[in-house]
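S.K.: Quick check, what structure comes out for this input:
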Amino acid sequence: MYTKSTKFRTSFLFLTLIPLFAVLLIRLFYLQLGHFSFPRSNQQYKFTLKIKPQRGIIYDRNGKKLAVSLKVNSVYALPREIKDKVRTAEILSHLLNLPQEDLLKKFSAKSFVWVKRKVSFAEEEAIRKALSEGVYPVRKKGLSKEVENAKKSIGLKEFGVPCKISNGVYFLPEEKRFYPQGQLAAHLLGFCDIDNKGLEGIELFYDSYLRGREGWRFSEKDAHHSEIAAFEKKNIPPVNGYSLLLTIDIVIQYIVEKELKKIVKEFKPLSTTVIVLNPQNGDILALANYPTYDPNSFSSFSPSFYRNRAITDFFEPGSVFKIVTASAALEERVVKLEDTFYCEKGKYHFKGGVLHDYHPYGKLTFSEVIEKSSNIGISKIAQILGKEKLYEFILKFGFGSTTGIDLPGETKGLVNSPKEWSDISILNIPMGQGVGVTSLQLARAISAIANGGELIQPHLVKEIRDEKGEKIKSFSFSRKRIISRGTASEMREILQRVVERGTGKNARIKGYKVAGKTGTAQKVNPKGGYYKNKFIASFIGFLPADDPLISIVVVVDEPQGAHFGSVVAAPLFQRIGKQVIEYLK
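M.R.: As a prediction, the model looks like this:
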């Protein structure tokens, strides 16, 4: 039986405990959901992130890495999580060298924003310190003299300024393209943008193979900015890109670029191009241009340096073009090797014009016309051949059309039809005036003579491989016969004599038979006619002449101090040829 005092105590406890339970429930509710003024649906939010795949590796023919991807971090922010946007912008502005105003504009967004992509390791370390330790480093520079002296006396180069980045700033792993060989093969490899998309060279041409497929990360955060793990089940993983095995040999490429630097130093040309090609199958073993650039820091170079002049620039070739007329005349059997041609003692009057030879030659045999590079002799051979046949063989040798190389930006040069020729075109074109060719077209043309008469498609990629190194794609390349084996053999003998006793003596390599042709061309003046003191010096050839392994093309634009192909280009051919053939043997 309850007494009055018992009832009173029970009522008192009940009335006392009810409010306490109510307070506890309210507190629990607050901790779970946050501020009462925001419903739960506004406190939870979702965002998605693109996950970049690993870009494929680019290898040279022997498996040496030419382009790889390094793991780096990018900084992003979720503005709704940042408590003090002004202070955070101030700190990040200092650490990442970004305008504070730009960061504040970004922080006005409601969802994901990039702060800075692919930060340096030093920048990453500084941000991590600001996030975890609440300090960021400040260099001595800019401090008062008293502070500088104090720091210097105790040997400090930097010190920490108290700070703290609140929630809302995060790292996202990405990859940055890196070229371990620096400038080597820059015009072949090209480079990528901030998103690892190819912009130049092989990186652009084979971008669809290299880049892979993006993945997606779907994330949801609760009221306390913690990710909800269950949401990760919807993530889509990226598919990594394929790798490329090139025809390039890094050793040969190094030889070419080393020697190219020497000629730039000696003759100070406007530009220079060197190509080393396997004439039997079209493999490009090396290709280099000057000026060049470093793909690791391409933005610090003028865009004009990105230009792969071997395929984008065409020019009047001069006497190296005589191989076309000579080959055509032999193939069509309108001349014999023993036929002689009177070279007018160096001056040939024709339809109101005068054609000159550098030396006043009299009678020269067909072979001697090429050996001594007689303009008058080759023009007389062309007249016997006829302009229609000459034009036919110019096209057969690949001039006037692209080579089909697997690089972007190739030009086809300039070849006019006979209907557009003037009365003196039959004199000028055989000696390399009135046509525009690229260095790569010359490499393909001389290779046709070297390999027995077939025009081949030059190329850079041997095969495409997956992540495991398994071959998934190989390539076949076009080749077609343009002259007979007999004609090619006769031309090889003639071009060998050019080097042994003609204008190409400076290309001789002890212990090897070398075949080649010199070229010296006046540059076209856009206002009409030709410059008197601007030249393009060139040499095209192959070795060993009796069983060719390599074709080499050297083109030097506006050399200073000398301008003949025999003086400027032939010695460069010789130095490169000697080193490359000994390396291959």
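
S.K.: Low-confidence bits of this structure, can you list those?
M.R.: 1-47, 133-166, 221-233 (pLDDT under 70).

S.K.: nearest spatial neighbour of the most centrally placed residue in the chain, skipping sequence neighbours?
M.R.: In the chain, the centroid-proximal residue (C-alpha atoms, centre = their mean) is residue 190; its distance is 1.7 Å. Nearest residue to residue 190 in three dimensions, chain neighbours excluded: residue 201, at 2.3 Å (C-beta to C-beta, 6 or more residues apart in numbering). Every C-beta, even on glycine, is put in place using the N, C-alpha and C of the backbone.

S.K.: and stretch 459-473, which residues are buried?
M.R.: 459-462, 464-465 (16 or more other C-beta atoms under 10 Å).

S.K.: Which two of the residues you listed have the greatest separation?
M.R.: 459 and 465 (16.4 Å; C-beta to C-beta).

S.K.: How many residues are close by residue 457?
M.R.: 19 (other C-beta atoms under 10 Å).

S.K.: what about it, distance to residue 487?
M.R.: From residue 457 across to residue 487, the span is 21 Å (C-beta to C-beta, to the nearest Å).

S.K.: Residue 331 too?
M.R.: Applying C-beta to C-beta to residue 331 and residue 487 gives a distance of 5 Å.

S.K.: Contact partners for the residue nearest to the centre of the chain?
M.R.: By C-beta atoms under 8 Å, 6 or more residues apart in numbering, the residues touching residue 190 are 198-204, 295, 306.

S.K.: again, 10 Å this time
M.R.: 58, 67, 177, 179, 198-207, 295, 298, 306, 308, 407-408 (C-beta atoms under 10 Å, 6 or more residues apart in numbering).

S.K.: And it, how close does it get to residue 244?
M.R.: 12 Å.

S.K.: what do those two both touch?
M.R.: 58, 67, 202-203, 205-206.

S.K.: Please tabulate these in JSON lines, including the columns secondary structure.
M.R.: What follows is these, written out as JSON lines (DSSP: H, G, I helix; E, B strand; the rest coil):
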{"residue": "58", "secondary structure": "strand"}
{"residue": "67", "secondary structure": "strand"}
{"residue": "202", "secondary structure": "helix"}
{"residue": "203", "secondary structure": "helix"}
{"residue": "205", "secondary structure": "helix"}
{"residue": "206", "secondary structure": "coil"}
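
S.K.: Can you select the buried ones from those residues in ChimeraX?
M.R.: Burial among the shared contacts of residue 190 and residue 244 is assessed by 16+ other C-beta under 10 Å; the matching ChimeraX selection reads:
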select :58,67,202,203,205,206
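
S.K.: Which member of the shared contacts of residue 190 and residue 244 is positioned nearest residue 354?
M.R.: Nearest to residue 354 among the shared contacts of residue 190 and residue 244, with distances taken as C-beta to C-beta, is residue 205, at 46.9 Å.

S.K.: Got the phi and psi for residue 563?
M.R.: phi -140, psi 0 (degrees, to the nearest 10).

S.K.: what does residue 515 give?
M.R.: Taking degrees, to the nearest 10 as the convention, residue 515 sits at phi -120, psi 140.

S.K.: intersection of neighbour lists for residue 331 and residue 487?
M.R.: residue 453.

S.K.: quick check, nearest of the buried residues of stretch 459-473 to residue 401?
M.R.: residue 459 (15.9 Å).

S.K.: how close does the closest one get to residue 479?
M.R.: 11 Å.

S.K.: Kind regards, and thank you for your time.
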